[in-house]
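[1] Structure for this input, please:
(one chain, ligands or ions: 1)
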Amino acid sequence: MSFSILGTGKAVPDYILTNDELATIVETNDEWIRTRTGIEERRICKDETITELCVKAAKEALDDAGITAEQLDLIICSTMRGENLTPSQGCMIQKEIGAKCPAFDLNAACSGFIYALDVADGYFVRKKVKYVLVVSMDNLSNITNWKDRSTCVLFGDGGAAAVLGEGDDLLAIHLTAAGNDEVLRIPHGENSSPFYEHKPEPALLQMMGNDVYKFAVTAMPEGIRTVVEEAGLQQSDVNWVIPHQANIRIINTAAAKLDIPRERFFCNINHYGNTSSGSVPIALHEASQAGLLKKGDIIALCAFGGGLTTGSCIIRWCK
Ligand code: UT7
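    Predicted structure coming up:
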């Protein structure tokens, strides 16, 4: 016995940064961004804090699941950078929604939502929990190098939440990590110690985009193949793939390597860009809200990101 997804919720900032506006900040243009990435616009935090966004997504997911914050047994927040180093973002969510349960953060970059599902699975298997809230939220605009056109056009802020309850709808899950701080890295940025001998680097995202691209177009189909097999299914049984929204060309290439029709890959990258760990659950929530997911549908979630990490799972939709 593991879990079923009982409800989802989403929160993105109000401000829409278009490709045309970006072209006034760095040397780029709408055509390059659209054709190379599929992104048309992204959301950027102005007055919203990451805590406010987490709380909004969490409350929507609780309402959707029909349970109260007091019923939660655990909160896991996947994020690369919460409001504070401590308290954790999970504890901030717990405080703001009025929950009483343990709460913590987990950082697996863009694969964070699926890593959090795997951790939650362990709590259900040990029968420690009845209801778990997972919130996956990042605001990369704080750590984007707005002078680097090869990265600043790619990312956006936002995330989503899911309420998990006892059930048997997680059919397979598979995580990987291949430690690599060369192709994707965000340094801490500061060090107050007068004794430390290394010079701190600014807290800005650095990425070798082509290397991540090559990693992703192999890792994504591999991850999906693995979990389909672990679940005892055929690729043709998959009704929807909810892939990490990093680049539409990565999704198209991954789809071409699988026996799953491209129309079954849900995409909303045009509106949000890459929201890191928020990306997969935002897409899951939007696919659900659009009425695309039917009770009993087989859904493959798949993500890759900094670490380098990957996460893939098969879920049967139970709503
Ligand atoms: O969650 C995981 C996070 N990361 C990713 O998923 C990133 C994966 N990688 C990618 O999506 C792609 O590699 C990028 C979108 C980052 C880059 O696309 P690309 O087609 O691999 O372009 P490129 O890096 O090979 O650059 C092609 C050209 C270069 O000019 P030259 O050297 O050919 O003259 C770049 O300088 O495009 C230029 N360029 C741009 N031009 C206009 C790079 N960025 C831009 C830009 N606007 N924003």
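[2] which bits of the stretch 51-200 of the chain sit near the ligand?
    Cys110, Arg149, Ser150, Val153 (CB under 6 Å from any ligand atom). Backbone N, C-alpha and C define where each C-beta goes, glycine included.
[3] Now the two most distant members of those.
    Pairwise distances among those were taken by CB to CB; the largest, 20.6 Å, belongs to Cys110 and Arg149.
[4] Give me the pLDDT for the closest residue to the ligand within the stretch 201-319 of the chain.
    Per CB to the nearest ligand atom, Gly209 is where the stretch 201-319 of the chain lies closest to the ligand, at 2.7 Å. On the pLDDT scale, Gly209 is placed at 97.
[5] Next, count neighbours for the nearest residue to it once chain neighbours are set aside.
    Excluding its sequence neighbours, the residue lying closest to Gly209 (CB to CB, 6 or more residues apart in numbering) is Ser150, at 5.8 Å. Neighbour count of Ser150, defined by other CB atoms under 10 Å: 13.
[6] so where do the strands sit in this structure?
    Taking DSSP state E as the test, the strands found in the chain are 2-11, 15-18, 41-44, 74-78, 103-106, 131-139, 157-167, 170-180, 184-185, 206-207, 240-243, 298-305, 307-316.
[7] As PDB, could you dump the C-alpha coordinates of the first one?
    In other words, strand 2-11. Provided in PDB are the C-alpha atoms of strand 2-11 (Å, rounded to 0.1, in the frame of the first residue of the first chain):
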ATOM      1  CA  SER A   2       1.400   3.400  -0.900                       C
ATOM      2  CA  PHE A   3      -0.400   6.600  -2.000                       C
ATOM      3  CA  SER A   4      -2.900   8.100  -4.400                       C
ATOM      4  CA  ILE A   5      -2.800  11.800  -5.400                       C
ATOM      5  CA  LEU A   6      -6.000  13.200  -3.900                       C
ATOM      6  CA  GLY A   7      -5.600  16.900  -4.900                       C
ATOM      7  CA  THR A   8      -3.400  19.400  -6.600                       C
ATOM      8  CA  GLY A   9      -2.900  23.200  -6.500                       C
ATOM      9  CA  LYS A  10      -0.700  25.700  -8.300                       C
ATOM     10  CA  ALA A  11       0.700  29.200  -7.600                       C
END
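[8] can you give me the angle it makes with strand 298-305?
    Per axes from the mean of the first three to the mean of the last three CA atoms, to 10 degrees, the angle that strand 2-11 makes with strand 298-305 is 60 degrees.
[9] So what are the sheet partners of strand 2-11 and their directions?
    Its sheet considered, strand 2-11 pairs with strand 157-167 (antiparallel) by DSSP bridges.
[10] next one: the second one
    Sheet pairing of strand 15-18 (DSSP bridges) gives strand 41-44 (antiparallel).
[11] How about residues contacting the strand it pairs with?
    Strand 41-44 has contacts (CB atoms under 8 Å, 6 or more residues apart in numbering) with 12-19, 141, 155-158, 270-273, 275.
[12] Dump it to PDB, restricted to CA.
    Only the C-alpha atoms of strand 41-44 are listed here, as PDB (Å, rounded to 0.1, in the frame of the first residue of the first chain):
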ATOM      1  CA  GLU A  41       6.600  34.000 -21.600                       C
ATOM      2  CA  ARG A  42       7.400  33.200 -18.000                       C
ATOM      3  CA  ARG A  43       6.100  34.400 -14.500                       C
ATOM      4  CA  ILE A  44       8.500  36.400 -12.300                       C
END
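[13] For the stretch 51-200 of the chain, which segments are assigned as helices?
    Per DSSP state H, counting those that start in this stretch, the stretch 51-200 of the chain carries helices over the ranges 89-97, 112-125, 149-152.
[14] circling back to that earlier point, confirm for me that the residue of the stretch 201-319 of the chain closest to the ligand is in contact with Cys152.
    No. Between Gly209 and Cys152 there is no contact under CB atoms under 8 Å: 11.8 Å.
[15] Tell me which of the two has more neighbours.
    Cys152 (21 against 16).
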